[in-house]
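Colleague: everything below, folded, please.
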Amino acid sequence: MLTDFGTHPADRVPKAELHAHLEGTIHPPVLRMLADRNGIDLPEGVLDADDNYLWTDFNDFLKIYDMAASIIRTPRDYYDLTLDYLGRVAAEGGLYVEILTSPDHVFDLGMGLQDQLDAVVEAIDHARAQFGVETRISQTIVRHYGLERSLAAADAIAAHPHPYVTGFQMAGAEDAYRPGDFRPAYDIAVQAGLRCTAHTGEWLGPASIRETLEALPMVERLGHGVRAIHDPALVAELAERRIPFEVCPGSNVALSVFESPEQHALRGLWEAGCVITLASDDPPYFHTSLGAEYRFAMDVAGLSVADLFDITRNALNAGFMDAGTRESLLQRVEAEAEAEANA
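Modeller: Residues are numbered from 1 along each chain as shown. Predicted coordinates for the structure are as follows:
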């Protein structure tokens, strides 16, 4: 979270994100609190003495992520971490969040999916009342856990509907299986009335994005998608089709998807007319926040305050929410945009 929030032009822009892994949003002090409350010794190598998550590459990040997530043991834990994160987003001007949560993590903890869902929903309601932030849930299968577990997770998701559960997607290692292998899981989600996205084009190249969209035609948005920049024809196609990108610059730079901030694809995708949204992914792991992502868009990618308002509009228009909620949030954005124009 930004300690100097309010000092940057981007801070004045209301914000929305479509890509925040709930189990990856655990602020290190919250993780330590959960470990103490649950009587668990924090595994060696998860945090350093300064409360930084310790990892060296993407595979190591996945390992540390799972180790940290294993500290979550009760529905109360899910309530606390959800409310903490939504409060942090709201403090930086966030008004809409889609949190990604994984039934596989819940199953691994021996917790009932309904119990977890009830706790997260309660936190969402309290965050709306306390902070004015609206939230929806995107249930997520983990690609590298395999096909059998993806089907079990999809069945469980379909069996536990809720008005706040509006999305479905897959995350994890992109080189595990082919996108089409997960078509049965996606079909279950579609039959359950969920809208779909997928992590793609983060680690693998443009061909992976094409394959994902062809094999999973129900996918409406790209989780990351930034490797598309290496194929101008694909970028032009995605821009023409108005397929939104969930761009997470802080994550991409920290994980060396791009070698430097200046090499990030955000500017190129924006100039090509792509539908861009910004998100924080797993913010404490990458020393970022939603506010920091908006600052990156200005300071590094050269976008304007007006552009950032458009990015928030993009996220709200692409968000998996009902029309009434969307209209209400867009009205809040337009009120802020008018105030900014008249300042």
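Colleague: switch to C-alpha atoms for all contacts and neighbour counts from now on
Modeller: Will do.
Colleague: contact partners of the helix or strand harbouring residue 331?
Modeller: Assigned by DSSP states H and E, residue 331 falls within helix 323-342. Contacting residues not belonging to helix 323-342 are listed as 12-14, 95-96, 309, 312-313, 316-317 [Cα atoms under 8 Å, 6 or more residues apart in numbering].
Colleague: of these - the most surrounded one?
Modeller: Counting neighbours by other Cα atoms under 10 Å, the top entry in those is residue 96, with 27 neighbours.
Colleague: and that residue, how far from residue 278?
Modeller: 12 Å (Cα to Cα, to the nearest Å).
Colleague: and if you look at residue 80?
Modeller: 25 Å.
Colleague: same deal with residue 54?
Modeller: From residue 54 to residue 278 the distance is 25 Å (Cα to Cα).
Colleague: who has more neighbours out of the two?
Modeller: In terms of neighbours (other Cα under 10 Å), residue 278 is the more surrounded of residue 54 and residue 278; the figures are 29 against 16.
Colleague: specify the beta-bridge partners of that one.
Modeller: residue 247 (DSSP bridges).
Colleague: show me the contacts for the residue nearest to residue 81 when sequence neighbours are not counted.
Modeller: Closest residue in space to residue 81, ignoring its immediate chain neighbours: residue 26 at 6.1 Å, by Cα to Cα, 6 or more residues apart in numbering. By Cα under 8 Å, 6+ apart, residue 26 lies in contact with 81, 85, 284.
Colleague: strands of the chain, start to end?
Modeller: Here the chain has its strands, by DSSP state E, at 15-21, 94-101, 134-142, 165-171, 195-200, 219-224, 245-247, 276-278.
Colleague: redo those strands as CSV? Include mean pLDDT and distance to residue 303.
Modeller: Output for the strands of the chain, formatted as CSV (pLDDT from 0 to 100; distance: least, Cα to Cα, whole Å):
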stretch, mean pLDDT, distance to residue 303
strand 15-21, 99, 15
strand 94-101, 98, 19
strand 134-142, 98, 26
strand 165-171, 98, 28
strand 195-200, 98, 24
strand 219-224, 99, 19
strand 245-247, 99, 14
strand 276-278, 99, 12
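Colleague: ok, back up a step: identify the contacts common to residue 96 and residue 278.
Modeller: 16-17.
Colleague: need the pLDDT of residue 1.
Modeller: pLDDT for residue 1: 64.
Colleague: about what we covered before: make a markdown table out of the strands of the chain and add distance to residue 113.
Modeller: Compiled in a markdown table, the strands of the chain are given as follows (distance: least, Cα to Cα, whole Å):
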| stretch | distance to residue 113 |
| --- | --- |
| strand 15-21 | 17 |
| strand 94-101 | 11 |
| strand 134-142 | 11 |
| strand 165-171 | 12 |
| strand 195-200 | 20 |
| strand 219-224 | 24 |
| strand 245-247 | 26 |
| strand 276-278 | 29 |
